[in-house]
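Engineer: Take a look and give me a structure for this.
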Amino acid sequence: MKQLGYFVIEWPLASRFQLRSKTALEDAGKMIKQVLSGEWEIERRRDRGERISRQRKEDIRAWWFPEGLRRWHFFGDLVKELGEGMKGLAWVDNASESSSGGRGDRYNPHVNVLVSYGFITRGKFRRIKRALRAALQEPDLIVHYGYTREPARMVHALKYITRA
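Structural biologist: Residues are numbered from 1 along each chain as shown. Below you'll find the predicted structure:
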């Protein structure tokens, strides 16, 4: 793998209570997977009555991320994690969007997703954020993306996310 992309998807403070059950966490995780793989977009197009050929499905999936690894983290100050813990990654946006006043001991469910991808343009990043917000029905969903090409940083991100 030549590059590694790293998404952090965080719920705003007012919505975190919705993620208290195992079922809610599983459903959110599956929906994130559907969005990032392109399956959600294919289903939305079908719901609108659009006929989608096999080739068109492949084209849509190619725009998204064919493979990845996702893990839930339940506590932690995201601003601190993004700023200090992952200094070596180039971030698309600043971590300022994260909820403020975060202490590491407060329930803060967030999903970390690793993908084999590098730089994402702002336009593509905005499209990903819109799709995640619509699919999860959370207009204030906070999404971060960073990437690296350095093998040591890739290993660090993998160990951090899997807590290995």
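
Engineer: Mind jotting down where the helices sit in the chain?
Structural biologist: All helices of the chain, identified by DSSP state H, fall at 22-37, 39-47, 54-63, 78-80, 122-135, 151-162.

Engineer: which residues does Pro66 contact?
Structural biologist: The neighbours of Pro66, taking Cβ atoms under 8 Å, 6 or more residues apart in numbering as the test, are Ser37. Glycine gets a C-beta too; all of them are placed from N, C-alpha and C.

Engineer: Distance check, it against Asn112.
Structural biologist: Counting by Cβ to Cβ, to the nearest Å, the separation of Pro66 from Asn112 is 18 Å.

Engineer: Now for the chain, the helix or strand with the poorest mean pLDDT.
Structural biologist: Every helix and strand in the chain was compared by mean pLDDT, DSSP states H and E; the lowest is helix 78-80, with a mean of 57.

Engineer: okay, now Asn108: neighbour count?
Structural biologist: Counted by other Cβ atoms under 10 Å, the residues lying close to Asn108 total 22.

Engineer: Also Glu26?
Structural biologist: Residues contacting Glu26 under the criterion other Cβ under 10 Å number 11.

Engineer: Could you do the one 4 residues further on as well?
Structural biologist: Applying other Cβ under 10 Å, we find 11 residues neighbouring Lys30.

Engineer: low-scoring pLDDT stretches of the protein, where are they?
Structural biologist: Along the chain, segments meeting pLDDT under 70 span 77-105, 164.

Engineer: change it to 80
Structural biologist: 76-106, 164 (pLDDT under 80).

Engineer: what residue lies at the spatial centre of it?
Structural biologist: In the chain, the centroid-proximal residue (Cα atoms, centre = their mean) is Phe7; its distance is 3.8 Å.
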